[in-house]
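> Make a model of this:
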Amino acid sequence: MTCADFIVSTPDYFRYNPADEFITPEQIEEIAANTKASLSGTGYAVRKPAYLWMTEDALRQDYARYESAEQLDSHMSRLEHRGNMVMGDTRIEALDNSLFDKLQVFDGDISPMLEPDNNAIAIAVSLDDYGNLPNLEYYPKVGDTITVTYADDVKYIDSRTGELTEDTPEEYFQAKLYGARDVEYTVCALVELPNSMSYRYGGIGYDVVLSVDTAQRDSGGAAIPMLYLFDTADEVDEAEAEQYLSKLTAGEFSPLMYESKATARSEFAQFRQMFLLIGGILCAIIGLVGLLNFFNAMMTGILSRRREFAVLQAVGMTNRQLKTMLIYEGLFYAMSSVAAAFILSLAVGPLAGKMLGSMFWFFEYRFTILPVLLTIPVFLLLGWLIPCMMYDNAAKCSVVEQLRDAQ
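Here you go, the predicted structure:
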């Protein structure tokens, strides 16, 4: 789900393609001039090699998902160490001050990042679908000092010879930084950075957030606009902005794309409709099987008792009495089925709802009796119709013929 009414960037950004340039300041100015924003700001990508020093245990957790223990030990040995700290990859995103309100603070305070000439940094954490942080020990603590190394260029060399050749095996690749300099930051907060205003991909190492002024100062001006997002004050302004952006981004080769809450709502409605369609079809199939079983059970019960009915008629039961008895039995079976379905719904519904709620974050269980109520007239109709049809068919034969056929 998008975190703003509108997010605008290039197709490369939305399609996760690396690029040297995304949306330009001129394009942002044009969009801002033609829309009415109640809140707006730019997210920046730091286009300069940057590495964050992290504990070896934390970095091992990252690589352990992709490498065996032997490969991991070999990999760690090739990385640059400073005591128990290892130089790991990082993704630095810078934000305009207006966008810090979009961050969900899990621990700490982001206000130091709004101060001029600050050295505050926020660590972007990965929460689960229910807003819980499953591995807190992986991240630095609020108040810790961490070091980021910026470099002008990075070359890969053979760790054995100091030179890279075409014959160098991958396990001997080692990064060599040129023009490197260290910057120390103080962790002021652990935050959740909405995916819709982030790089939209992850990797090895920490994702971190800086203010744009701090990022430009420390990276030597390497922070470039990556996305522009804005909110509108009301539905009228939102509709006007939607219309403007749809025209601006029209065409297969448009340099810009956008996401909006309207498009997100539409996509989610289609996703929801898929669940309703599949669930409706499955329920219809199960319901049809249930109706056929009910029909078969009643019909079989009546056919198996033909001799009994003939004997009852032979000793004096009238046709009207027999038909009434069968109808009452049919209605009893129908109401018994409805009652059993209601009881099973009460018993199984919460369990199934809890299971689905743990699988799909957007699912919320709510018991409704409407489906049970809708089945009552159907089963009552069958409970009346089937005995009538079966009796009318049997009544065409005399009692003697029925006794003979039942033998």
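> Now E80: closest residue in space that isn't a chain neighbour?
Excluding the flanking residues, the one nearest E80 by CB to CB, 6 or more residues apart in numbering is M87, at 4.5 Å. For the C-beta atoms, the positions are set from N, CA and C on the backbone; glycine is no exception.
> Verify the contact between the one you found and Y51 for me.
Yes - using CB atoms under 8 Å, M87 is in contact with Y51, at 4.7 Å.
> list residues touching both of the two?
Residues touching both M87 and Y51 (CB atoms under 8 Å, 6 or more residues apart in numbering) are T149.
> which of the two has more neighbours?
Y51 (23 against 20; other CB atoms under 10 Å).
> Now do the phi/psi pair for the more buried one.
The phi/psi pair for Y51 (degrees, to the nearest 10) reads phi -130, psi 140.
> show me the contacts for it.
Here Y51 is in contact with 87-90, 148-149, 151, 177, 205 (CB under 8 Å, 6+ apart).
> and what of Y150?
Counted by CB under 8 Å, 6+ apart, Y150 has contacts 48-50, 180-181, 183, 218-220.
> just checking, P134 touches D128?
Yes - contact criterion CB under 8 Å: P134 and D128 qualify, at 5.9 Å.
> hang on, the earlier thing: can you put the contacts of Y51 in JSON lines and add distance to A120?
Shown next, in JSON lines, are the contacts of Y51 (distance: CB to CB, whole Å):
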{"residue": "M87", "distance to A120": "22"}
{"residue": "G88", "distance to A120": "20"}
{"residue": "D89", "distance to A120": "21"}
{"residue": "T90", "distance to A120": "16"}
{"residue": "V148", "distance to A120": "13"}
{"residue": "T149", "distance to A120": "18"}
{"residue": "A151", "distance to A120": "22"}
{"residue": "L177", "distance to A120": "25"}
{"residue": "G205", "distance to A120": "19"}
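> now, which of the residues you listed lie within helices?
Of the positions in the contacts of Y51, not one sits in helices, assigned by DSSP state H.
> Distance to L282 and pLDDT added to these, as TSV?
Shown next, in TSV, are those (distance: CB to CB, whole Å; pLDDT from 0 to 100):
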residue	distance to L282	pLDDT
M87	53	91
G88	47	89
D89	45	89
T90	46	92
V148	52	95
T149	55	95
A151	56	93
L177	58	87
G205	44	89
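> Angles on the backbone of A19, please.
phi -150, psi 150.
> go on, the one 5 residues further on?
Dihedral pair for T24: phi -100, psi 160, per degrees, to the nearest 10.
> Pull the number of nearby residues for it.
Residues near T24, counting by other CB under 10 Å: 15.
> That one against P225, yeah?
Yes - using CB under 8 Å, T24 is in contact with P225, at 6.8 Å.
> residues bridging contact with these two, i.e. touching both?
In contact with both T24 and P225: no residue, using CB under 8 Å, 6+ apart.
> and stretch 21-33, average pLDDT?
Mean per-residue pLDDT for stretch 21-33: 94.
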